[in-house]
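Undergrad: predicted structure and sequence below. I'll ask about it afterward.
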Amino acid sequence: MIIRDIQVGEISLPLARPFKTALRTVEHVDDIVVRVVADTGEVGYGEAPPTAVITGDTKGSVACAIREFIRPNLIGMDVEDLDGIMKRLHSCILKNTSAKAAVDMAIYDLWAKRWGAPLYKLLGGARTSFRTDITISVNPIDEMVADALDAVSRGYDILKIKVGKDGTGDVERIAAIREAVGPDVQLRVDANQGWTPKQSVAIISAMEDRNLNIELVEQPVKAHDIAGMQFVTSRVYTPILADESVFSPADAIDIIQKGAADLINIKLMKTGGIHQALKICDVAELYGVECMIGCMLESKLSVSAAAHLCCGRSVITKADLDGPSLCSVDPFTGGPVFEEALVTMSEAPGVGLSAIPCEHWS
Ligand SMILES: C[C@H](N)C(=O)N[C@H](CCC(=O)O)C(=O)O
Ligand SMILES: [Mg+2]
């Protein structure tokens, strides 16, 4: 199965509600999509969201990296030579992890189709379904409480609550949500780098003192502030999860060896795809650290690739794959079934999606 072409397109899907974090507000999934065409006529699909404030990638940079660097390096390669393809993909251009992720997942889609198996089975086959959380955007308290109750009424039992925009109100936000949803709903908190190290310790300690029973706190401080992450992790009981601080397997080793986090959030858009994400899984497993699989504002296309990774590897014990549920429409056919909190794998070969809503490929 030889790679004949790598084509780029765009998709735009409205979100059901504006998505608000300490870093940004977004109303649409506006992503680059990729299709890798093989000589057999088989096609593999991928997607890259331009999350400039986290990965540094824009739509223009993703399209340019694929067209001018990745495409000329991969055309003519045999999909069976997965290792060789991945070496070229990751050496033909530095960084540009979202562009690499889109192409990587399209190649894995084709590779699994080549072997006639659903991708998750070839990645390890640890499970066939899992539950994801859903994100509650940072807003005035009443709105967040209403959103949390709405999510629970739709069957979500894990909520990921965005905070970090104004540290002073965050304990009250979480307390109000806990009171509204009761003790049985799991609450995880994501500050998206919005607190200082000292503020983090104060806020998390206050949540502990009030018995708010928080499962974990994600990325309390700036991504580059590993000493700050370590400061927080060593001073609170609540587990700390590194998100923006970990892109690569080397980042994961550094964070774990320094005791700067208890858990790692793997996102394909940070690692540059499944190939590197698997290395983080291996590192984490060696050190006995559990992982979350997360997503950016992505459609069902790329979130499905992440779902396959989640079902492949048992070290991934938590999922934040709510991208498809945050969109107001689902124009895709095939692939894993996203029924609110429950995600169930399909047995179709590859990632499983068969129709992509993009009219212009080039
Ligand atoms: C969408 C997902 N639940 C999420 O919250 N991801 C964010 C980053 C999303 C973005 O800004 O595109 C995170 O975990 O930090
Ligand atoms: Mg996060």
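TA: Ah, there it is. Ligands and ions are numbered 1, 2, ... in the order given.
Undergrad: ok, the residue of the stretch 201-350 of the chain found nearest ligand 1 - contacts?
TA: Among all residues of the stretch 201-350 of the chain, Met296 sits closest to ligand 1, at 3.6 Å; criterion: C-beta to the nearest ligand atom. Where you see a C-beta, it was placed from the backbone N, CA and C, and this is true even at glycine. By C-beta atoms under 8 Å, 6 or more residues apart in numbering, the contact set of Met296 is Pro49, Thr51, Ile54, Thr55, Lys267, Met269, Gly323.
Undergrad: the helix or strand hosting Ile32 near ligand 1 anywhere?
TA: Applying DSSP states H and E as the criterion places Ile32 in strand 25-38. No - using C-beta under 6 Å from any ligand atom, strand 25-38 stays clear of ligand 1, with a minimum separation of 6.7 Å.
Undergrad: note down every partner strand of that strand and its orientation.
TA: Strands that pair with strand 25-38, judged by DSSP bridges, come out as strand 3-20 (antiparallel), strand 43-48 (antiparallel).
Undergrad: so in the protein, which helix runs the longest?
TA: helix 97-114 (DSSP state H).
Undergrad: continuing past that one, what's the next helix or strand?
TA: Following helix 97-114 toward the C-terminus (DSSP H and E): helix 119-122.
Undergrad: so what's the gap between that next one and the chain middle?
TA: 18 Å (C-alpha atoms, centre = their mean, to the nearest Å).
Undergrad: now do the helix or strand just after that helix: distance to the chain's middle.
TA: Proceeding N to C from helix 119-122, the next assigned helix or strand is strand 129-131, under DSSP H and E. Offset of strand 129-131 from its chain centre (C-alpha atoms, centre = their mean): 15 Å.
Undergrad: list the pairing partners of the following helix or strand past strand 129-131 within its sheet, with orientation.
TA: Later in the chain than strand 129-131, the nearest helix or strand by DSSP H and E is strand 134-136. Strands that pair with strand 134-136, judged by DSSP bridges, come out as strand 158-162 (parallel).
Undergrad: may I see the buried residues of whatever helix or strand comes next after the strand it pairs with?
TA: Per DSSP H and E, the first helix or strand lying C-terminal to strand 158-162 is helix 170-181. Using 16 or more other C-beta atoms under 10 Å as the test for burial, helix 170-181 gives Asp170, Val171, Arg173, Ile174, Ala175, Ala176, Ile177, Arg178, Val181.
Undergrad: kindly report the residues of the stretch 51-200 of the chain close to ligand 1.
TA: Counting by C-beta under 6 Å from any ligand atom, the residues of the stretch 51-200 of the chain close to ligand 1 are Thr51, Thr135, Lys160, Asp190, Asn192.
Undergrad: ligand 2 next: which of those residues are close?
TA: Counting by C-beta under 5 Å from the ion, Asp190 from those sit close to ligand 2.
Undergrad: farthest pair within the residues of the stretch 51-200 of the chain next to ligand 1?
TA: Among these, the pair separated by the greatest distance (C-beta to C-beta) is Thr51 and Lys160, at 16.4 Å.
Undergrad: what sits up against stretch 22-29?
TA: Contacts to stretch 22-29, defined as C-beta under 8 Å, 6+ apart, come from residues 11-15, 18-19, 49, 53-54, 138, 162-165, 191-194, 297-299, 323, 326-327.
Undergrad: buried ones in it?
TA: If you call a residue buried by 16+ other C-beta under 10 Å, then stretch 22-29 has these buried ones: Ala22, Leu23, Val26, Val29.
Undergrad: quick check: domain ranges of this structure?
TA: With automatic domain parsing as the criterion, the domains of the chain are listed as 3-115, 121-355.
Undergrad: nearest to Trp361, of those?
TA: domain 3-115 (4.0 Å).
Undergrad: looking at the stretch 1-150 of the chain, which residue is nearest ligand 2?
TA: With C-beta to the ion, the shortest gap between the stretch 1-150 of the chain and ligand 2 falls at Thr21, namely 7.8 Å.
Undergrad: for that residue, give me its contacts.
TA: When contacts are counted by C-beta under 8 Å, 6+ apart, Thr21 is found next to Ser137, Val138, Lys162, Gly164, Asp190, Asn192.
Undergrad: a markdown table for those, including distance to Val103 and pLDDT?
TA: As requested, those are exported to a markdown table (distance: C-beta to C-beta, whole Å; pLDDT from 0 to 100):
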| residue | distance to Val103 | pLDDT |
| --- | --- | --- |
| Ser137 | 31 | 98 |
| Val138 | 33 | 97 |
| Lys162 | 30 | 98 |
| Gly164 | 32 | 97 |
| Asp190 | 28 | 98 |
| Asn192 | 27 | 98 |
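Undergrad: can you pick the most crowded of the residues you listed?
TA: Counting neighbours by other C-beta atoms under 10 Å, Asp190 leads the contacts of Thr21 with 27 neighbours.
Undergrad: does it really touch Lys165, like I thought?
TA: No - applying C-beta atoms under 8 Å as the test, Asp190 and Lys165 come out as separate, 11.6 Å apart.
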